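1. sharing a model prediction with you, sequence too.
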Amino acid sequence: MFGHPLHPALVHFPIALLFSATFADFAWLTGLTNDTHIGAVLMAGGLVAGLAAMAAGMVDFVKLDQAVVPHAVRHVTAVGLAWLGYAIALYLRKDSLLVAAPLGTATVAISIASALVLAAGGWLGGRLVYSFGAGVAKIEGR
C-alpha cells in the first residue's frame, strides 16, 4: 500500500490476539480465572485477523526475490500450522464463544503448542525482513 508491503503492518493484530488467547488459557489452567469466554473470543478475532495478514502476505510473497523464497516458505508453513492449530483449538471450545465453559486438556495443549509454533513463525518472518531484506526498498546512493 502506497509503496509499502501491507503484510508487516497487519501481522501484529493476529499475533497479539492469538498470544493473548493462549495467555487467557494459561490463566484458566492455573486457576487465575474461571472465564474461558475471553480466550475463545480472542482466538476467534486472531484467526480472522490472521486471514487478512495471510492474504496480504501472499500478495507480498509473489514479489519476493527468488533467493529468499525458501525462507519465506518456512515462515508460511510455520504460521499456517499455527493458524490451523488455533482453528482446531477454537473448534474444540466452540461452546466457550457464547458462555464461559470448561476447557478440555486438548484445547489448552493445542493452544500452547500453536503459540510456540507462531512464535517460531514470527521469528522466521522477522528474519526475512531483518536478515534478508525481504520487502525492503533499495534506495539509490545508499
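-> Alright, I've got the coordinates. Numbering: from 1, shown residues only.

2. isn't residue 10 right up against residue 54?
-> No: with contact defined as CB atoms under 8 Å, residue 10 does not reach residue 54; the gap is 9.0 Å. C-betas here are computed from N, CA, C, even on glycine.

3. residue 62: how many residues sit nearby?
-> 7 (other CB atoms under 10 Å).

4. now swap in the one 4 residues further on and tell me
-> The local packing count at residue 66 equals 6, with neighbours defined by other CB under 10 Å.

5. check which helices and strands the lowest-mean-pLDDT helix or strand in the chain sits against.
-> For the chain, counting by mean pLDDT, DSSP states H and E, helix 7-10 ranks last in confidence among helices and strands (a mean of 89). Contact here means 3 or more CB pairs under 8 Å, 6 or more residues apart in numbering; DSSP states H and E; on that basis helix 7-10 packs against helix 37-61.

6. would you mind listing the buried residues in the helix it packs on?
-> Buried positions in helix 37-61, judged by neighbour count with 16 or more other CB atoms under 10 Å: 37-47, 49-50, 53-54, 56-57, 60-61.

7. which residues are in contact with it?
-> 5-7, 10-11, 13-18, 20-22, 24-25, 28, 69, 72, 76, 79-80, 83, 86-87, 89-90, 93-94, 96-101, 103, 111, 134-135 (CB atoms under 8 Å, 6 or more residues apart in numbering).
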